[in-house]
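Need the 3D shape of this:
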Amino acid sequence: MIKKFTLFMVCAICALVANAQDYPGNLYIIGSVTEPAWNPETGIEMTNNGDGIYTAKITTKSATDNIAIVSVLSSDWDNVVNQNRWGFAADNSPVTIGEAMPIVKGTGAILIGAVGTFDVTVNLAEMTILVAGEAVVEYPETMYIIGSITEPQWNPLQGIEMTVESEGVYKAEITTTSVDDEINFVASLGENEEDWTTINANRWGFSTSHSTVTLNEPMEVVQVLDNGNIRIGAVGTFDVTFNMVDMTVLVEGEAEPVEGPEAFYVIGTIHEDVQWNPSDGSVALTKDEDANIYRGYSISIYSDLDNENGYGFFSLASQLGENETDWDAVKPYRYGPAENNTEIIDNTEANVVKSEENAFMVEAAVYDIVFDYDNQTITLSKTGELAGVEELEGNEASVVAGDGEIRVNGDATVSIYNVCGQRIAADSNATSFSVPAGVYVVVVNGKATKVAVK
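Numbers count the residues shown, from 1 in each chain. Sure thing, here's the model as predicted:
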């Protein structure tokens, strides 16, 4: 009996020792709170309080300061430091001050998100980190507006210096020449034309980049690591107030009347064979006479040749290239979604931004398209399914293109549109239509096809 009890005690002690050895003897805080910042050989040593609990104090100088927890300091990031590192599952996620938050073994940085001196507690038993303390509110002494309203545009060296109206409140006047002009706020300018690191470390804008301000109404802003562009959406001279106390931007003034481009071209998978041709102006949206509203009718969006999943892709451009590879001429005049491959739902308004790369995704079909240039929205209304001539010939009616003529054989309701979306015939029961040479979209009983008339 004594032997059994002794054996039990030995096993229990061994288990306790093993559990104690599960936790590192030392933990260190590395990151932008050390000097030099993010040096794998420099860290703040934490106090080991036992049972997997470690504590230390840190002082942050910027709301963008971030940290990681490591058990070994070494010059070898990959094989040593990162193998013994803890952080957030999502890289650079912010802490909630005063609240224990889950951590994982991995390389995700921990964003403190506030300025001040804080007590940091790491609990490896529960895999949490607690940052406690009071944030010190310190507002920058200077603030600048950068963006497309400076010359040169979006240059880290160029900014409009704002006047300090009161603590944390800055004001300046800007003049826009395009509804697509965008800005950001930065606390300091760069040291050279390539120094975006300094800009992005102290930059504020909209949480959704390229969103448009509502004139004369305060709107929420956030600190951004890059982008977060604030679109003014109007032409004129405006007073801009950046209030860091309540984190808002106020753009005050009256917009001048703006005449939009003569037309917008649809580029993308608008043909069954040749797609994404920047010089193809065969499908255009025409402008209303009294408003910056652009419309196109019975526009075919075909399935993408590289990914035939039933979806097509397109964007808009107010200027075309000189040839099929001239994207440089198109990019400054191209519009699409804020996020590439955003799907447009039938008869549902979608937001549009100026974008050199992004395209909308939509089910391959025939659509009427309405683009509201002033409000930067687009709506697609499905009017029919894609169909070739062969498919139509298998139904009650077929379409034949001749010399200066389009013929419809059989009983049908017919609508015809030219490549600019202009309606040539609407809901007609005629069987013959005289038209000039060109490419036309013929909608027969709700199904559309393209034909070429000589």
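
buried ones in stretch 44-57?
Counting neighbours by 16 or more other CB atoms under 10 Å, one finds that the buried residues in stretch 44-57 are Ile44, Met46, Gly52, Ile53, Tyr54, Ala56. Where C-beta positions appear, they are placed from N, C-alpha and C, glycine not excepted.

which residues of the stretch 1-150 of the chain fall in helices?
For the stretch 1-150 of the chain, the helices defined by DSSP state H, counting those that start in this stretch occupy 2-20.

residue ranges of the helices in the stretch 351-454 of the chain, please?
389-393.

ok, back up a step: of the buried residues of stretch 44-57, which is the nearest to Asn155?
For the buried residues of stretch 44-57, the minimum distance to Asn155 (CB to CB) is 37.4 Å, reached by Ile44.

Pretty sure the closest one sits against Ile29.
Yes: contact criterion CB atoms under 8 Å: Ile44 and Ile29 qualify, at 4.3 Å.

what residues are shared contacts of those two?
Ala56, Ile58 (CB atoms under 8 Å, 6 or more residues apart in numbering).

so where's the stretch 301-450 of the chain uncertain?
Within the stretch 301-450 of the chain, the ranges that satisfy pLDDT under 70 run 308, 387-396, 402, 419.

export the buried residues of stretch 44-57 to JSON lines and tack on distance to Gln376?
Formatted as JSON lines, these follow (distance: CB to CB, whole Å):
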{"residue": "Ile44", "distance to Gln376": "48"}
{"residue": "Met46", "distance to Gln376": "50"}
{"residue": "Gly52", "distance to Gln376": "53"}
{"residue": "Ile53", "distance to Gln376": "53"}
{"residue": "Tyr54", "distance to Gln376": "51"}
{"residue": "Ala56", "distance to Gln376": "49"}
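
What is the neighbour count of Ala255?
Neighbour count for Ala255, taken as other CB atoms under 10 Å: 15.

pretty sure it is touching Thr237, no?
No: Ala255 is beyond contact range of Thr237, at 10.2 Å (criterion: CB under 8 Å).

Tell me the buried residues in stretch 426-434?
The neighbour-count check on stretch 426-434 (16+ other CB under 10 Å) flags Phe433 as buried.

what sits up against that stretch?
Residues contacting stretch 426-434 (CB under 8 Å, 6+ apart): 404-409, 411-416, 424-425.

Straight-line length of stretch 195-205, end to end?
This stretch, stretch 195-205, spans 18 Å end to end (CA to CA, to the nearest Å).

mean confidence score for it?
Mean per-residue pLDDT for stretch 195-205: 94.

neighbouring contacts of that stretch?
Residues contacting stretch 195-205 (CB under 8 Å, 6+ apart): 62, 64, 140, 146, 156, 183-191, 221-230, 242, 244, 247.

Okay, domains of the protein per the record?
The chain breaks down into these domains under automatic domain parsing: 19-132, 144-252, 263-386, 389-453.

from the chain's centre, how far out does the last one sit?
It stands for domain 389-453. 41 Å (CA atoms, centre = their mean, to the nearest Å).

can you check the second one too?
The chain centroid and the centroid of domain 144-252 are separated by 17 Å, computed with CA atoms, centre = their mean.

do the third one as well
Once both centres are worked out by CA atoms, centre = their mean, domain 263-386 turns out to sit 18 Å from its chain's centre.

one step back: name the nearest of the buried residues of stretch 44-57 relative to Gln275.
Ile44 (56.2 Å).

before we move on, back to that, take the contacts of stretch 426-434 and write them to TSV, including distance to Asp273 and neighbour count.
Below are these laid out as TSV (distance: CB to CB, whole Å; neighbours: other CB atoms under 10 Å):
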residue	distance to Asp273	neighbour count
Gly404	25	12
Glu405	24	13
Ile406	21	22
Arg407	24	14
Val408	24	24
Asn409	26	14
Asp411	31	10
Ala412	26	22
Thr413	28	14
Val414	25	21
Ser415	24	20
Ile416	22	23
Ile424	24	18
Ala425	26	17
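
Would you point out the most distant pair within those residues?
Once CB to CB is applied, the contacts of stretch 426-434 give Gly404 and Asp411 as the farthest pair, at 23.9 Å.

Can you tell me, leaving aside adjacent residues, what's nearest to Val443?
Nearest residue to Val443, sequence neighbours excluded (CB to CB, 6 or more residues apart in numbering): Ser415, at 4.4 Å.

Might one say that that neighbour is in contact with Val366?
No: between Ser415 and Val366 there is no contact under CB under 8 Å: 10.5 Å.

what residues are shared contacts of these two?
Common neighbours of Ser415 and Val366 (CB under 8 Å, 6+ apart) are Ser298, Val443.

Glu99: what's its closest spatial neighbour, skipping adjacent residues?
Leu130 (7.2 Å).

who does the one you found bridge with?
Thr121 (DSSP bridges).

burial measure for it, as a count.
The burial count for Leu130: 18, using other CB under 10 Å.

is it true that it touches Pro102?
No: the criterion here is CB under 8 Å, and Leu130 misses it with Pro102 at 11.0 Å.

Now do the SS call for His271.
Look at His271: counting by DSSP: H, G, I helix; E, B strand; the rest coil, its state is coil.

if I look at the residue nearest to it when sequence neighbours are not counted, how far off is Val258?
Of all residues not flanking His271 in the chain, Tyr302 sits nearest, at 6.5 Å (CB to CB, 6+ apart). Distance, Tyr302 to Val258, by CB to CB, to the nearest Å: 33 Å.

ok, the two, which is more surrounded?
Shown here are Tyr302 and Val258; by other CB under 10 Å, Tyr302 has more neighbours (21 against 15).

need the contact list for that one.
Thr269, Ile270, His271, Glu272, Gln275, Gly312, Ala364, Leu386.

Taking the residues you listed, tell me the two that lie furthest apart.
The widest separation within the contacts of Tyr302 (CB to CB) is 13.8 Å, between Gln275 and Leu386.

can you pull the contacts of Ser415?
Shown in contact with Ser415 (CB under 8 Å, 6+ apart): Ser298, Arg423, Ala425, Ala426, Asp427, Ser428, Val442, Val443.

beta partners of Tyr265?
With DSSP bridges as the rule, Tyr265 is bridged to Ala284, Ala317.

so how many other residues sit close to it?
Neighbours of Tyr265 under the rule other CB under 10 Å: 26.

Ok, Asn323 next?
10.

host element of it?
Using DSSP states H and E, Asn323 is not contained in any helix or strand.

my guess is it meets Val330, correct?
No: at 11.1 Å, Asn323 does not count as touching Val330 under the criterion of CB under 8 Å.

okay, and the common contacts of these two?
Pro278.
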